[in-house]
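Asker: Here is a sequence together with a model predicted from it:
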Amino acid sequence: MSARVLAGPPAAEALLAQTAARAAKLAKPPHLTILRLGEDPASVSYVAGKDKKAKETGLSSSVEVMPDTTTQEALLSRIAELNADANVNGILVQLPLPSHIDEEKVLSALDPDKDVDGFHPVNVGRLWAGHPHLAPCTPVGVMSLLSHYGYSVAGKRAVIVGRSRIVGRPLAGLLLNASATVTVAHSRTPNLGAVTREADFLFVAVGKAHLITPDMVGAGAVVIDVGINRLEREGKKARLLGDVHPDVAEVARALTPVPGGVGPMTIAQLMANTVSAAEGQAQLRE
Ligand SMILES: NC(=O)C1=CN([C@@H]2O[C@H](COP(=O)(O)OP(=O)(O)OC[C@H]3O[C@@H](n4cnc5c(N)ncnc54)[C@H](OP(=O)(O)O)[C@@H]3O)[C@@H](O)[C@H]2O)C=CC1
Ligand SMILES: Nc1nc(=O)c2c([nH]1)NC[C@@H]1CN(c3ccc(C(=O)N[C@@H](CCC(=O)O)C(=O)O)cc3)C=[N+]21
């Protein structure tokens, strides 16, 4: 038996269609500003993908590139201007930032109601209080992928491997809000396989190619592979590997592919968050 493949693109298209319809109801197209510092190739490529998808969805977007020598002060002052600019509905600061910049300070400087990544402490608090407004795109995208394919986590055992700000932690909050029984494993978890085998729904966001092998997965589990590991190849395009070994398809009920699984949902959810931000701001003005 081979697992059902939970492809991202059809679910992402459905979400984008809904999002475009919401955007069209607003007085003007919502505007997303993306700040990128430096020329890290992965960041260049992700940011270009977000900008392109925004335009395809009927949103307005702009990318501002600053040198990787930009001071924290200069970045904070640009953020203050964007916060004050009524024409800007959403602001995204692409991560990772150069090491001389304090990520916490930068993320806390964003207007929480324009924080389309959901990384500001106010948005983290809203999520964990059980009433999210803007929540991180990747985990929200994972939840909508599950619902697109008809899965409900209520009353089920969910195990997450990874506890980052961008994926593991907010995913735990969303799954708890959706009434799953949630376990979060990480690098200090002994006997990882014993924990992951208990999962009805297993979510993996670590960044280690093929960490999860078939012996670590319970029969009939739904497995969501968030990991993206670049395997550079001489003279060829890099190959992308997930955190889950492909043989897991032999034991799991369902599995997301890499690429073409969670990645497209992240981008689609960013568009949805930008529209949510614009809707929230329009309500505040009423
Ligand atoms: N598809 C998408 O849209 C996205 C994909 N990604 C991908 O997801 C992966 C994770 O990203 P991100 O969350 O930012 O990564 P981080 O490096 O921030 O976090 C990795 C987490 O994995 C844990 N970990 C590391 N090694 C092990 C191990 N051997 N066993 C168990 N846990 C371990 C770490 O534990 P500890 O906290 O103890 O250090 C940490 O919590 C990456 O491959 C990234 O490229 C990320 C964002 C979006
Ligand atoms: N402030 C901030 N917000 C983010 O949301 C953010 C970030 N910084 N930094 C980096 C991570 C990573 N991330 C991805 C987005 C899309 C794909 C994606 O579209 N992946 C495609 C493949 C793309 C390719 O070919 O490289 C897929 O999985 O099919 C992957 C990863 C967002 N991140």
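Answerer: It's in. Since we're looking at a predicted model, the values are computed, not measured. Numbers count the residues shown, from 1 in each chain. Ligands and ions are numbered 1, 2, ... in the order given.
Asker: Quick one: name the residues of the chain near ligand 2.
Answerer: When proximity is defined as C-beta under 6 Å from any ligand atom, the chain approaches ligand 2 at 45-46, 49, 92-95, 117, 137, 228, 240, 258-260, 263-264, 266-267. (Each C-beta comes from the backbone N, C-alpha and C, glycine too.)
Asker: How is this protein partitioned into domains?
Answerer: Residue ranges for the domains of the chain, per automatic domain parsing: 28-111, 136-265.
Asker: May I ask you to name the longest helix in the protein?
Answerer: Secondary structure of the chain read by DSSP state H shows that its longest helix is helix 262-285.
Asker: in the stretch 151-286 of the chain, which spans are strands?
Answerer: 157-161, 181-185, 201-204, 222-225, 229-233, 236-241, 254-255 (DSSP state E, counting those that start in this stretch).
Asker: Go through those and name the closest to I212.
Answerer: strand 201-204 (5.4 Å; C-beta to C-beta).
Asker: any low-confidence regions in the chain?
Answerer: Within the chain, not a single segment meets pLDDT under 70.
Asker: And the residue of it closest to ligand 2?
Answerer: G263 (2.2 Å; C-beta to the nearest ligand atom).
Asker: my read: that residue touches G8, true?
Answerer: Yes - using C-beta atoms under 8 Å, G263 makes contact with G8 at a distance of 6.3 Å.
Asker: what would the strands of the stretch 151-286 of the chain look like in TSV with mean neighbour count?
Answerer: Conversion of these to TSV gives the following (neighbours: other C-beta atoms under 10 Å):
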stretch	mean neighbour count
strand 157-161	24
strand 181-185	19
strand 201-204	27
strand 222-225	26
strand 229-233	11
strand 236-241	12
strand 254-255	22
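Asker: Format the ones you listed as a markdown table; extra columns: distance to Q72.
Answerer: Converted to a markdown table, the strands of the stretch 151-286 of the chain look like this (distance: least, C-beta to C-beta, whole Å):
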| stretch | distance to Q72 |
| --- | --- |
| strand 157-161 | 32 |
| strand 181-185 | 31 |
| strand 201-204 | 33 |
| strand 222-225 | 35 |
| strand 229-233 | 29 |
| strand 236-241 | 31 |
| strand 254-255 | 42 |
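Asker: Give me the distance between the closest residue to S276 other than its chain neighbours and T57.
Answerer: Of all residues not flanking S276 in the chain, L134 sits nearest, at 6.3 Å (C-beta to C-beta, 6 or more residues apart in numbering). The gap separating L134 from T57 is 17 Å, by C-beta to C-beta, to the nearest Å.
Asker: Are we agreed that I34 is in a strand?
Answerer: Yes - assessed by DSSP: H, G, I helix; E, B strand; the rest coil, I34 belongs to a strand.
Asker: Am I right that it is in contact with E64?
Answerer: Yes - in this structure, I34 is within contact of E64 by C-beta under 8 Å, at 7.1 Å.
Asker: Look at these two and report which has more neighbours.
Answerer: Using other C-beta atoms under 10 Å, the more surrounded residue of I34 and E64 is I34, with 22 against 12.
Asker: partner residues bridging that one?
Answerer: Going by DSSP bridges, I34 is paired in beta bridges with V63, L92.
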